[in-house]
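Engineer: Build the 3D model from these lines:
(chains A and B)
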Amino acid sequence: DAKTTQPNSMESNEEEPVHLPCNHSTISGTDYIHWYRQLPSQGPEYVIHGLTSNVNNRMASLAIAEDRKSSTLILHRATLRDAAVYYCILRFFPLTSGTYKYIFGTGTRLKVLA
Amino acid sequence: DAGVTQSPTHLIKTRGQQVTLRCSPKSGHDTVSWYQQALGQGPQFIFQYYEEEERQRGNFPDRFSGHQFPNYSSELNVNALLLGDSALYLCASSLLGDSSTDTQYFGPGTRLTVL
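Structural biologist: Residues are numbered from 1 along each chain as shown, chains lettered A, B, ... in the order given. Here you go, the predicted structure:
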């Protein structure tokens, strides 16, 4: 299974942009890149996902490198509520199963400073 | 629209016992996955159910088993509990469909403590 690599932790000041990097050098052509975040004492929640092109939604932006071996989650203005563990995940499709599989890495713990 | 629900919220068992955890998927979802999350770690994939069959399995022993019911809800069973089974057990549901839209929704988890 393809794996992702993320920094263990990052800090950001409130109301400043945050760029969370992820390396996935063994990604396959059909693997989607998903980002989830996990707030304290909660289950992970979906943030954004993409395949090749950059993606934007109300929560964040996802920038995907041209060779797809890395991606960056961008929070445009960090707030205290954004303090969480952010997981970069590859979603792939094992041919024998008929369903998608999500492989979590260790995640990046984001600390937002007031 | 109810999201993913899990029961119980917390559970305390002793070594050697058996436990059953339950999950109701988000309305309209047909696929359920289970994850184990040890303290300070990322979620580890246990297995996934679709059409009442186990479709994928992670690197977990046979002590971990599951079931999916016709209404898409699911159970996770763990036999012969070990201290190392203490963790947060997460259930996630999704709708198997267009590859561009398939995403998982997670429940709040069940915290299992094995003494």
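
Engineer: Near chain A, which residues of chain B are found?
Structural biologist: B:4, B:31, B:33, B:35, B:41-45, B:48, B:50, B:55-56, B:90, B:92, B:94, B:96, B:99-100, B:102-109 (Cβ under 8 Å from any Cβ of the partner chain). The C-beta positions use only the backbone N, C-alpha and C, and glycine is treated the same way.

Engineer: Now list the buried members of those residues.
Structural biologist: Using 16 or more other Cβ atoms under 10 Å in any protein chain shown as the burial test, the residues of chain B next to chain A include B:4, B:31, B:33, B:35, B:42-45, B:48, B:50, B:55-56, B:90, B:92, B:94, B:102-109 as buried.

Engineer: List the ones among the residues you listed that fall in strands.
Structural biologist: Counting by DSSP state E, those place B:31, B:33, B:35, B:44-45, B:48, B:50, B:55-56, B:90, B:92, B:94, B:105-106 in strands.

Engineer: And those residues, which is closest to chain A?
Structural biologist: Nearest to chain A out of those is B:Phe106 (Cβ to the nearest Cβ; 3.4 Å).

Engineer: Leaving out sequence neighbours, find the closest residue to the closest one.
Structural biologist: A:Gly43 (3.4 Å; Cβ to Cβ, 6 or more residues apart in numbering or on different chains).

Engineer: what does B:Leu39 give?
Structural biologist: Nearest to B:Leu39 is B:Ala87, by Cβ to Cβ, 6+ apart, at 7.5 Å.
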